[in-house]
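Chemist: no sequence on this one, just coordinates:
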Ligand code: NAP
């Protein structure tokens, strides 16, 4: 099979991949493709279709800044609307012709002689790219715990992130394992029709009252007619989210009022003191990801629901046995057990300059990047939503800032006639050390919980250490001195560092 060359290869057609593609197109660059393993665009919003899937960032902020959508029907967007929004962006910005669906990247290897990325898909298509952008998303690989006896269970086992819509749970005895953001949304959807619902809770989540509302048609018309209204709302939501940063990053004691609100919400919705006790988090608000719901506590307090905290001993042919020896008879099991972030299989498929994979590099050094976007040893390679890039407003804001940085890097390469750029080790180390120092006192590190924000070594590899606006400012352009560069037309060994 022949090899196709493009200047830029983008892996993933979610917000990150589509956002990068749009910006490239707008800059006049048409020499790129987007490789997407799924049959359609949408990324996490294509994969996560469980009942009740909704984003808990307000819709005004959960969209590209350059592509406001006056048609959101709710204050908080539903999964189907977000997916449609992304599909509409693909059409509106003319990038459909660049998308390659069913293209699962099996291998991406940097070749230091050709100064190119060599990419092969599972279907055998071969590409070379000068620049590779991994927009594969932190939530792309479901975490499926291996409980003893899992294969013996005779009923269906569903993961929240791979929902099987043909599976009818009506009048069934259903278990949900996990009580994170996905479970909080799907439990109220399945509880009313289930015969019996057993929720296996390992750690309770802070649940806040949900301010979600439908957006009235008159408001939507106003947004269409006066776009500045929606952008003012966007700025306001962004600012409100930014106001959380001092508490979360710098002064965790300031989260107390949110804990009080969470406890009030629980008292207000759950009458049974024993159940309340079970559902009360024993760690600081924000340490694990908090979420919103007005329906979750009532669903747990319903007569057909049991909240089980005894821990899972094993799975049997007909149900789940707990560590204290009891057995729950079940017809179906739902795994709302989140995602494999640290050991995402994709990391084993990307091989850098010295022949090591991203998985090998990160298992040795921890998940380290420069600005969540580039990695020493991986020239001309960028990660969207990579380690230490998450800001506390909307990840679409993160993505846009990262895309600006990538565009600036491509511009630098074009202006200086460079074949490759690679972030210097000491620059990456400086960023990592600074992030570690600041995040050490954050609620994520010191709030008394374990969470997917922290790696096995306890390092917070998730968050940007500060405000969103500082990230946006830092990402406006690359600093050429941060990189080892190679000039086009010179031998590979001849490196120019400026
Ligand atoms: P998650 O937050 O990682 O929650 C996983 C849940 O499964 C936790 O309750 C965890 O318990 C439990 N669990 C994991 N392994 C287990 C095991 N072996 N035995 C028993 N329990 C186990 O995953 P998620 O709910 O899918 O959410 C992931 C992320 O996706 C969110 O944090 C968010 O960023 C995003 N998301 C957002 C929304 C939204 O915008 N509303 C909705 C869904 C997802 P422990 O807490 O004890 O580990």
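Modeler: Alright, I've got the coordinates. What you see is a predicted model, and the numbers here were worked out from it, not measured in a lab. Numbers count the residues shown, from 1 in each chain.

Chemist: so how far is residue 458 from residue 159?
Modeler: 27 Å (C-beta to C-beta, to the nearest Å). C-beta coordinates here come from the backbone N, C-alpha and C atoms, glycine included.

Chemist: So which of those two has more stuff around it?
Modeler: Between residue 159 and residue 458, residue 159 has the larger neighbour count (other C-beta atoms under 10 Å), namely 22 against 9.

Chemist: bridging residues for the more buried one?
Modeler: residue 335 (DSSP bridges).

Chemist: State the distance from it to the ligand.
Modeler: Using C-beta to the nearest ligand atom, to the nearest Å, residue 159 is found at 9 Å from the ligand.

Chemist: residues contacting that residue?
Modeler: Residues near residue 159 by C-beta atoms under 8 Å, 6 or more residues apart in numbering: 142, 144, 334-337.

Chemist: Adding pLDDT and neighbour count, write these out as a markdown table.
Modeler: Output for those, formatted as a markdown table (pLDDT from 0 to 100; neighbours: other C-beta atoms under 10 Å):
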| residue | pLDDT | neighbour count |
| --- | --- | --- |
| 142 | 98 | 18 |
| 144 | 97 | 15 |
| 334 | 98 | 27 |
| 335 | 98 | 24 |
| 336 | 98 | 24 |
| 337 | 98 | 21 |
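
Chemist: okay but residue 394 is in contact with residue 59, surely?
Modeler: No: at 10.1 Å, residue 394 and residue 59 do not qualify as touching, with contact defined as C-beta atoms under 8 Å.

Chemist: For those two, indicate the residue with more neighbours.
Modeler: Neighbours per residue (other C-beta under 10 Å) separate residue 394 from residue 59, with residue 59 holding more: 27 against 23.

Chemist: The more buried one touches residue 70, doesn't it?
Modeler: No: the criterion here is C-beta under 8 Å, and residue 59 misses it with residue 70 at 10.2 Å.

Chemist: Please report the residue range of the longest helix in the chain.
Modeler: Counting by DSSP state H, the longest helix found in the chain is helix 395-415.

Chemist: List, one by one, the residues from the stretch 251-400 of the chain near the ligand.
Modeler: Proximity of the stretch 251-400 of the chain to the ligand, by C-beta under 6 Å from any ligand atom, involves residues 289, 291, 312, 336-339.

Chemist: Can you tell me which of those is nearest the ligand?
Modeler: Distance to the ligand, by C-beta to the nearest ligand atom, is smallest for residue 338 among those, at 2.5 Å.

Chemist: The closest one: how many residues sit nearby?
Modeler: 21.

Chemist: Not counting sequence-adjacent ones, nearest residue to it?
Modeler: In space, and not counting its chain neighbours, residue 338 is closest to residue 143: 4.9 Å by C-beta to C-beta, 6 or more residues apart in numbering.

Chemist: Check residue 472 too.
Modeler: Leaving aside its sequence neighbours, residue 472 sits nearest to residue 401 (C-beta to C-beta, 6+ apart; 4.7 Å).

Chemist: and that neighbour, what pLDDT?
Modeler: pLDDT for residue 401: 98.

Chemist: My guess is it contacts residue 470. True?
Modeler: No: here residue 401 lies out of contact with residue 470, judged by C-beta under 8 Å, at a distance of 10.2 Å.

Chemist: re earlier: and the longest helix of the chain, what does it pack against?
Modeler: helix 15-26, strand 126-134, strand 381-383, strand 418-423, helix 468-474 (3 or more C-beta pairs under 8 Å, 6 or more residues apart in numbering; DSSP states H and E).

Chemist: Assign a three-state SS to the residue nearest to residue 195 when sequence neighbours are not counted, would you?
Modeler: Computed as C-beta to C-beta, 6+ apart, the closest residue to residue 195 that is not its neighbour in sequence is residue 171, at 4.7 Å. What DSSP: H, G, I helix; E, B strand; the rest coil gives for residue 171 is coil.

Chemist: So which residues of the stretch 101-250 of the chain form helices?
Modeler: Along the stretch 101-250 of the chain, the stretches classed as helices by DSSP state H, counting those that start in this stretch are 181-190, 217-225, 227-242, 245.

Chemist: so for the shortest one, what's the average pLDDT?
Modeler: When the per-residue pLDDT values of helix 245 are averaged, the result is 97.

Chemist: ok, then the element right after it?
Modeler: helix 256-269 (DSSP states H and E).

Chemist: got the buried residues for that next one?
Modeler: 258-259, 262, 265-266, 269 (16 or more other C-beta atoms under 10 Å).

Chemist: which strands and helices sit next to whichever helix or strand comes after that helix?
Modeler: Using DSSP H and E, the helix or strand that follows helix 256-269 in sequence is helix 273-279. Helix 273-279 sits against helix 256-269, helix 296-301, strand 305-308, with contacts defined as 3+ C-beta pairs under 8 Å, 6+ apart.

Chemist: Distance from helix 273-279 to the middle of the chain?
Modeler: In terms of C-alpha atoms, centre = their mean, to the nearest Å, the centre of helix 273-279 is set 31 Å apart from its chain centre.

Chemist: And for stretch 211-225?
Modeler: Distance, stretch centre to chain centre, for stretch 211-225: 27 Å (C-alpha atoms, centre = their mean).

Chemist: can you tell me if that stretch touches the ligand.
Modeler: No: using C-beta under 6 Å from any ligand atom, stretch 211-225 never reaches the ligand; the gap is at least 10.4 Å.

Chemist: That stretch: end-to-end distance?
Modeler: Across stretch 211-225, the terminal residues are separated by 25 Å (C-alpha to C-alpha, to the nearest Å).

Chemist: Report the buried residues of that stretch.
Modeler: 212, 215, 219-220, 223.

Chemist: The ligand: which of these is nearest?
Modeler: residue 212 (10.4 Å).

Chemist: which residues are contacting stretch 210-218?
Modeler: The contact list for stretch 210-218, computed with C-beta under 8 Å, 6+ apart, reads 54, 56, 59, 72-76, 292-294.

Chemist: Mean neighbour count, the helices of the stretch 101-250 of the chain: which tops it?
Modeler: Of all these, helix 181-190 has the most neighbours on average by mean count of other C-beta atoms under 10 Å, namely a mean of 23.

Chemist: Run through who's touching it.
Modeler: 48, 50-54, 56, 160-161, 169, 174, 176, 197, 199, 205, 207, 289, 291, 293, 295-296, 298-300, 334, 336, 338.

Chemist: Narrow these to those that are buried.
Modeler: Among those, those classed as buried by neighbour count (16+ other C-beta under 10 Å) are 48, 50, 52-54, 56, 160-161, 169, 174, 176, 197, 199, 205, 207, 289, 291, 293, 295-296, 299-300, 334, 336, 338.

Chemist: Grab the nearest non-local neighbour of residue 82.
Modeler: By the measure of C-beta to C-beta, 6+ apart, the closest residue to residue 82 outside its immediate chain neighbours is residue 45, 4.4 Å from it.

Chemist: Whichever strand or helix holds the one you found: which residues count as buried?
Modeler: Residue 45 belongs to helix 44-47 when elements are defined using DSSP H and E. Across helix 44-47, burial judged by 16+ other C-beta under 10 Å covers 44-47.
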